[in-house]
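Chemist: Have a look at this prediction, sequence included:
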Amino acid sequence: MNRRNKSLYSWAYLFMLPQLLMLAVFTIYPIVMSYVYSFYDWSGIGPLQQFIGWDNFYSVMTDRYFWNAYRNNLIYIGFTVLITLPAALLAALLLNLAYFKGKVVYRTLLFLPVVTTTAIVGVVLKSMFGTDNAIVNLVLQQFNLIKEPIGWLSGPYTSMLVLIGAGIWKVFGMIMIYWLAGLQSLPKEIYEAARIDGAGWWAALRYITIPLLLPVSAVILLLTVMNGIHVFDLVTTLTGGGPFFATDMVDLYIYRYAFGTGGFPQQGYASAAGIIFGMSIFVISLVLGAIVQLAMRRQRSIAIGKE
């Protein structure tokens, strides 16, 4: 490496220094300290004194409220993925049609919830579903769809239903844009050759579009799952984790112990819960990453004519 290249590298590191410092202060340092705090019985105030080893981890792993929150997270993610991915793909297929009119308008309307603040979404939906005289109950009664008002946010199943619906509505536009970008990246020549061979729309979708979209679909699956993990603001403003922890999520569970809402703060315990949850997310990410790699290999094999 000559002197000029060394000088360029020095300037590059200099320009990266502010970002590296921010990464170290706001990401790496908190993660490292979370591991340290998890081995102490610490409230977050004063010095670290009482070392308790793995007790916090054992307490988290044996707490039924933690596993209830974890189960709710999985239910929320599962329904969000199963409903959003195919529905958003269908919307993207329609918007990708050459003769579809008003594409820009529909794209804008469907993407609008994505740029809306999640906390505002939660507050507005709470006013729409929260009471017997809320607008949703009034509309349903007006059209004789229900006889009595439904306590949407006071029942364990209906509250989760509203939460899942809100999450789907919030993320739908983003997933649709991902699908649309994937569809528009596919080579047009393949479809022209398929039409010449007499393939219809369904055959092209089944044998060309879906196989070629496998890598994109795997990435979209990963992004949807990761998005479904972070629902703190929506849950806090819409249901608060209730009724009776029916919509409690792990990030809300950690928040309660970290900041002592309803009791004394337990930073050590909250750190242990965060580490356990983070490790499970890491495992899920590895599995989804392996799925992405398999999908990419399958697409390459299709491209060279092995399948």
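Modeler: Structure received. As the structure is a prediction and not an experimental result, all values here were calculated from the model.
Chemist: Surely Leu163 and Val235 touch.
Modeler: Yes - assessed by CB atoms under 8 Å, Leu163 is found in contact with Val235 at 6.7 Å. Just so you know, the C-beta spots here come from the backbone N, C-alpha and C atoms, and that holds for glycine as well.
Chemist: Please enumerate the shared neighbours of those two.
Modeler: By the contact definition CB atoms under 8 Å, 6 or more residues apart in numbering, Leu163 and Val235 are jointly contacted by Thr247.
Chemist: ok, Gly167 to Thr84 distance?
Modeler: Gly167 sits 8 Å away from Thr84, taking CB to CB, to the nearest Å as the criterion.
Chemist: If you could redo that for Ile276, that was the one I meant.
Modeler: In terms of CB to CB, Ile276 sits 27 Å off from Thr84.
Chemist: Neighbour count: these two, which is higher?
Modeler: Per other CB atoms under 10 Å, whichever of Ile276 and Thr84 has more neighbours is Thr84, with 24 against 19.
Chemist: That one and Gly173 touch, don't they?
Modeler: No - counting by CB under 8 Å, Thr84 stays clear of Gly173, with 10.2 Å between them.
Chemist: Can you get me the centre-to-centre distance for the strand or helix carrying Ala270 and its chain?
Modeler: Assigned by DSSP states H and E, Ala270 belongs to helix 267-303. Computed by CA atoms, centre = their mean, to the nearest Å, the chain-centroid distance of helix 267-303 equals 13 Å.
Chemist: quick one, what contacts the residue most central in space within the chain?
Modeler: Central residue of the chain (CA atoms, centre = their mean): Asn227, 1.3 Å from the mean position. Asn227 makes contact with 171, 174, according to CB under 8 Å, 6+ apart.
Chemist: Please work out which residues outside stretch 54-69 touch it.
Modeler: Under CB under 8 Å, 6+ apart, the answer for stretch 54-69 is 38-39, 41, 245, 248-250, 252-253, 268-269, 271-273, 275-276.
Chemist: mind listing what's buried in stretch 251-262?
Modeler: For stretch 251-262, a neighbour-count test (16 or more other CB atoms under 10 Å) marks 251-258 as buried.
Chemist: closest to Val231 among the residues you listed?
Modeler: Proximity of the buried residues of stretch 251-262 to Val231 (CB to CB) peaks at Asp251, which lies at 7.1 Å.
Chemist: Am I right that the closest one is in a strand?
Modeler: No - Asp251 is assigned helix when assessed by DSSP: H, G, I helix; E, B strand; the rest coil, not a strand.
Chemist: My guess is it contacts Gly228. True?
Modeler: No - counting by CB under 8 Å, Gly228 is not a contact partner of Asp251; they are 11.3 Å apart.
Chemist: re earlier: can you add pLDDT and give the buried residues of stretch 251-262 back as TSV?
Modeler: Supplementary listing: the buried residues of stretch 251-262 in TSV, determined by pLDDT from 0 to 100:
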residue	pLDDT
Asp251	91
Leu252	93
Tyr253	93
Ile254	92
Tyr255	91
Arg256	91
Tyr257	90
Ala258	88
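Chemist: Now these in CSV, please, with extra columns for distance to Tyr191.
Modeler: As requested, these are exported to CSV (distance: CB to CB, whole Å):
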residue, distance to Tyr191
Asp251, 44
Leu252, 47
Tyr253, 49
Ile254, 48
Tyr255, 49
Arg256, 53
Tyr257, 55
Ala258, 53
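Chemist: for those residues, which one is nearest Ala92?
Modeler: For the buried residues of stretch 251-262, the nearest to Ala92 is Asp251 (29.7 Å; CB to CB).
Chemist: per-residue confidence at the nearest residue to the closest one once chain neighbours are set aside?
Modeler: Take Asp251 and drop its neighbours on the chain: the residue closest to it by CB to CB, 6 or more residues apart in numbering is Phe232, 4.3 Å away. What the model reports for Phe232 is a pLDDT of 90.
Chemist: Could you shift the numbering so residue one becomes 211, and keep it that way?
Modeler: With the count now opening at 211, the last piece we talked about shows up as Phe442.
Chemist: Counting neighbours, what do you get for Phe442?
Modeler: 17.
Chemist: now the one 10 residues further on
Modeler: The burial metric for Gly452, expressed as a neighbour count using other CB under 10 Å, is 14.
Chemist: so what's it scoring on pLDDT?
Modeler: Gly452 is given a pLDDT of 84.
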